[in-house]
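what's the 3D shape of this:
(chains A, B, C and D)
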4 protein chains.
Amino acid sequence: MIRKKMLIDEREKKYLIDKKLDRFGNDLGLVDLKEKKEGVVLKSHKGHEFYLVEPTIYDIVKKMKRTVTTLLPKDIGLIITYLGVREGETVVEAGTGSGALTIYLANAVGKTGKVITYEKRPEFAKVARKNLEIVGLVRKNQKIIGLDEEDEDENLEEEDGLYNVIQKIGDVTKGIEEKDVDAIVLDMPDPWNVVPHAKKALNKARGRIATYVPYIEQAKKTVEALKEHGFFDIHTYECLVREIEISEKGVRPSTRMVGHTGYITIARVKPEDEE
Amino acid sequence: MIRKKMLIDEREKKYLIDKKLDRFGNDLGLVDLKEKKEGVVLKSHKGHEFYLVEPTIYDIVKKMKRTVTTLLPKDIGLIITYLGVREGETVVEAGTGSGALTIYLANAVGKTGKVITYEKRPEFAKVARKNLEIVGLVRKNQKIIGLDEEDEDENLEEEDGLYNVIQKIGDVTKGIEEKDVDAIVLDMPDPWNVVPHAKKALNKARGRIATYVPYIEQAKKTVEALKEHGFFDIHTYECLVREIEISEKGVRPSTRMVGHTGYITIARVKPEDEE
Amino acid sequence: MIRKKMLIDEREKKYLIDKKLDRFGNDLGLVDLKEKKEGVVLKSHKGHEFYLVEPTIYDIVKKMKRTVTTLLPKDIGLIITYLGVREGETVVEAGTGSGALTIYLANAVGKTGKVITYEKRPEFAKVARKNLEIVGLVRKNQKIIGLDEEDEDENLEEEDGLYNVIQKIGDVTKGIEEKDVDAIVLDMPDPWNVVPHAKKALNKARGRIATYVPYIEQAKKTVEALKEHGFFDIHTYECLVREIEISEKGVRPSTRMVGHTGYITIARVKPEDEE
Amino acid sequence: MIRKKMLIDEREKKYLIDKKLDRFGNDLGLVDLKEKKEGVVLKSHKGHEFYLVEPTIYDIVKKMKRTVTTLLPKDIGLIITYLGVREGETVVEAGTGSGALTIYLANAVGKTGKVITYEKRPEFAKVARKNLEIVGLVRKNQKIIGLDEEDEDENLEEEDGLYNVIQKIGDVTKGIEEKDVDAIVLDMPDPWNVVPHAKKALNKARGRIATYVPYIEQAKKTVEALKEHGFFDIHTYECLVREIEISEKGVRPSTRMVGHTGYITIARVKPEDEE
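Below you'll find the model as predicted:
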């Protein structure tokens, strides 16, 4: 369930719009959306084609409201596949940010799993809640644990969603409340301050951690903290994606590319009790 | 549920072993596994430490039996995040190969979703079945549709698994039996021959396709077929992952890296019926 | 000898200016250049520092007038080192373009070597002449062979320069006039049409060729032509340069980078006469 | 002048051999080299073809005797083009290592330029001398300044060479003897210890420096030392080269590539005297 629909115009520009929106216009003209279902071509009054489709979570993540720089799907993909996050797992995430990683993690652990996401800045958590509502991960006006204020009812109709995300206001450098967690994912500037708490929160047989930081010094401090606090199988990566342009003129990588986002460190809890 | 346990020795060498195995030995000595549960440290008779843990699906994919070169997790991560595969979706995959992509796709669509995976070579499908059994995606001796022979009972105990994968013997260049599919992922040498069938099989409102090929000419032919057969929002990527070595000596990327695996093309079905 | 001086302001913005210029101004103020020699700090009337230096050929290439996209120094460096261009060699180049590659090639072959550079568009050759004059590679008003018109005297004072470049108007797909050439470098859209002529022009004991093209299809056609026309030891490369930002905040690669410029193919003439 | 000849066999394997060698053999058979000149095809007694050619400095650098890991041509190309090293310049280099960078630098500054190369380990300097002799950069038995022992005459015939390299035994962290140097290139583990000496040795109007180090911490310390000691226009790079395989099967980058060699920092002396 995604509470948005998407229009793509002839130039492949994308517009994420409210499901109830009846009319849309840009420089290619106005289109009438009344009673139109996703999966059809629409003509604007200027004669241009618009395609009405269902957005994917990739579309949502690319278009959603952001409070901070969010993890790119390339890095999210690496984190989830290298951690081996799977159906049924319990994952703790911090900080929530705009919720991009939360959306992918929630879908990775699925109906039988759970994502607990911490954010210390209430105003960010509230923006993230809106993003998570769009993709059916939190119920309408679901409480953000630790956030005092009441939220106004927005008359979201309850639909069939995953609803496996719990939002919390909290600073994980002070501690993680969960126990027996399968994986922890940290997108924050000082993950090394969370490492001792992560050690306690993770299941000893299968607990893994991933951290994402832009600077190499941060990656180094994280790796050192992981070694010191009983983690092993520690690896740090960077992921570069190049788009390849395939046209009648020929094939070539794009002239411009993203040269860097961040360093991803993956590690595993080291069992400690000898038997 | 994963039907294996994993030993990691002091040098971080990993051994995927049968859950029932009672004893393990390598050059660091013999370890007694009897009645040991994952999450403990074991000492070998030579005094070296071994860590008994639960393997992740990443560990399984890295260690499992292979019939062909399998997609690497870096490329699987990009395919799943860029396609936006999510809980509850129905995905068709071809060819099954060793099942690495199948494992990640099955976890992405989860308990309420389904992966139908085609493989035209029966002997490959049978190896893949063993790999999928290990991670609880097919039931013991689950029939591979289109495969005549009976399989012997292996006394696998039925455990709680995802069981959301259907294996088929079949050549998708001849057609795809499913309808209303959310996404199709093709890891095969001639995806362009599948494109017309993919168009018919995919849901018009949200159908997406991803293809993976090692040669640039294959990517080009695929893109041309996609354009010709009513796909749009077509993008081709390559994904490069560099490991960063962080040690007391300092930080530097590894000297050797994988320079190329394949080109990934992502596209969306173009709605055709005007309303 | 370089007929320009360079000012670098406090923000490290660079200005290539005429040697005779007495005064310079930008938003940081006016600086008096009268009788100032390179190697000093100057203060603008607003109190900002400007550094007066001699530009390098790298500075010239980055700042000079361009008629077309020119080869970047990263690619020029790879061409020269992989070809092994050295002091005393005779190199043929086409097309001249703005002269960036010519400048580096001329310095690589040095005082005892020679660069013959072909350009089929007279207006481009004339812009390149100005660029080559700046760095002392062609004499003032040196004739461009094949160009009819007379050039006006510009009162360039003759200084000590390398003067080892010969400019020609000509289309090398029709033939190369030189014989016994050590190396040929082609920066043009259809190098395969030059390959048979290159074969004849190159010295059989040490002749090498390099080509630079943006599209992979062009690289492929070039490699095929090279194989067909008696070249061997054929290799194609791409070169990616990432800038690393080192600041108080930490170390990280730049967010944006050039993702692609072109493919460089290097090959060697295959001796043919059996003895 | 290069005091070697090169044989390339049918599989494109290369053999750098003495100019006086009369006979060569490998598993493809024996070839008679007596009175054969470079530029011919030779048949082995087993009927296989061998191509006799003149090696380039690239071939020499790839095949020469090494004492340490040497700079790769890709990095040398970036250093020379970004520094803008040109005909006639005086360049100081440390350490000499095997001489690979020396060879390219000497050809870059040419007949009217000069390379002074420091090496603190006499045994390395002697290996480098042999390599430099091969390409005509030092005269036969040319003294290595600071090295006591006499070298035996090797009866090298004097030929026409560049002879623009001066070898010295010395530790540049203790000081650089030269003054008014155009560029300094440091391939050593602690370039920051040389920075204050480099500042004094370089010409104030055009002095540049380049350093090459494998670890990021080294690059950082170098940049900090450069800032502290009056350098500016400081940039750090890494250079990645991918080989592209073009065959009948299709086009694709090579599976394996060099993922990292080192970080290159380029800077310029900041003029200090106000006038």
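
which element follows the helix or strand containing A:Tyr58 toward the C-terminus?
A:Tyr58 belongs to helix A:57-63 when assigned by DSSP states H and E. Next helix or strand after helix A:57-63 toward the C-terminus (DSSP H and E): helix A:73-83.

Is chain B within reach of that next one?
Yes: interface with chain B: helix A:73-83 contributes A:Pro73, A:Lys74, A:Ile76, A:Gly77, A:Leu78, A:Ile79, A:Ile80, A:Thr81, A:Tyr82, A:Leu83 (C-beta under 8 Å from any C-beta of the partner chain). The way it works is simple: take the backbone N, C-alpha and C, and place the C-beta from them, glycine included.

pretty sure the second one contacts B:Glu238?
Yep, that's A:Lys74 we're talking about. No: using C-beta atoms under 8 Å, A:Lys74 is not in contact with B:Glu238; the gap is 11.1 Å.

overlap in contacts of the two?
A:Val241 (C-beta atoms under 8 Å, 6 or more residues apart in numbering or on different chains).

Let me see the ranges of the helices in the stretch 101-250 of chain A.
A:122-134, A:195-201, A:216-228 (DSSP state H, counting those that start in this stretch).

buried set for the first one?
Spelled out, it's helix A:122-134. A:Phe124, A:Ala125, A:Lys126, A:Val127, A:Ala128, A:Arg129, A:Asn131, A:Leu132, A:Glu133, A:Ile134 (16 or more other C-beta atoms under 10 Å in any protein chain shown).

other SSEs contacting it?
Helices and strands touching helix A:122-134, as assessed by 3 or more C-beta pairs under 8 Å, 6 or more residues apart in numbering or on different chains; DSSP states H and E, comprise helix A:100-109, strand A:114-119, strand A:165-169.

Dump the ones you listed into JSON lines; add distance to chain B and mean neighbour count as well.
Formatted as JSON lines, these follow (distance: least, C-beta to the nearest C-beta, whole Å; neighbours: other C-beta atoms under 10 Å in any protein chain shown):
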{"stretch": "helix A:100-109", "distance to chain B": "4", "mean neighbour count": "29"}
{"stretch": "strand A:114-119", "distance to chain B": "12", "mean neighbour count": "26"}
{"stretch": "strand A:165-169", "distance to chain B": "12", "mean neighbour count": "22"}
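
Which one of the ones you listed lies nearest to C:Asp187?
Smallest distance to C:Asp187 across the helices and strands packed on helix A:122-134 (C-beta to C-beta): 42.4 Å, for helix A:100-109.

Only alpha carbons, please: show the closest one as PDB.
Taking C-alpha atoms only, helix A:100-109 is exported to PDB below (Å, rounded to 0.1, in the frame of the first residue of the first chain):
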ATOM      1  CA  ALA A 100      14.600   6.400   3.500                       C
ATOM      2  CA  LEU A 101      16.600   3.600   5.100                       C
ATOM      3  CA  THR A 102      13.700   2.800   7.400                       C
ATOM      4  CA  ILE A 103      11.500   2.200   4.400                       C
ATOM      5  CA  TYR A 104      13.900  -0.300   2.800                       C
ATOM      6  CA  LEU A 105      14.700  -2.000   6.100                       C
ATOM      7  CA  ALA A 106      11.000  -2.400   7.000                       C
ATOM      8  CA  ASN A 107      10.400  -4.100   3.700                       C
ATOM      9  CA  ALA A 108      13.400  -6.300   4.100                       C
ATOM     10  CA  VAL A 109      12.200  -7.700   7.500                       C
END
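
who in the stretch 1-150 of chain A is up against chain D?
Not one residue of the stretch 1-150 of chain A sits near chain D, judged by C-beta under 8 Å from any C-beta.

and C:Val258, which of the helices and strands packed on helix A:122-134 is closest to it?
Closest approach to C:Val258 among the helices and strands packed on helix A:122-134 (C-beta to C-beta): helix A:100-109, 26.8 Å.

Need the contact partners of the helix holding A:Tyr58.
So helix A:57-63 is in contact with A:2, A:4, A:6, A:14, A:16, A:55, A:70, A:73, A:100, A:103-104, A:107, A:131, A:134-135, B:81-84, B:86, going by C-beta under 8 Å, 6+ apart.

Also stretch A:227-235?
A:82, A:195-196, A:198-199, A:209, A:223, A:226, A:265-270, A:272, B:8, B:12, B:51, B:243.

List only buried entries from the residues you listed.
A:82, A:195-196, A:198-199, A:209, A:223, A:226, A:265-270, B:8, B:51, B:243.

quick one: average pLDDT of stretch A:88-103?
Averaged across stretch A:88-103, pLDDT comes to 97.

That one: end-to-end distance?
With C-alpha to C-alpha, to the nearest Å as the measure, the first residue of stretch A:88-103 is 15 Å from its last.

re earlier: tell me the one of the residues of helix A:73-83 next to chain B nearest chain B?
Taking C-beta to the nearest C-beta as the measure, chain B sits nearest to A:Gly77 out of these, at 2.8 Å.
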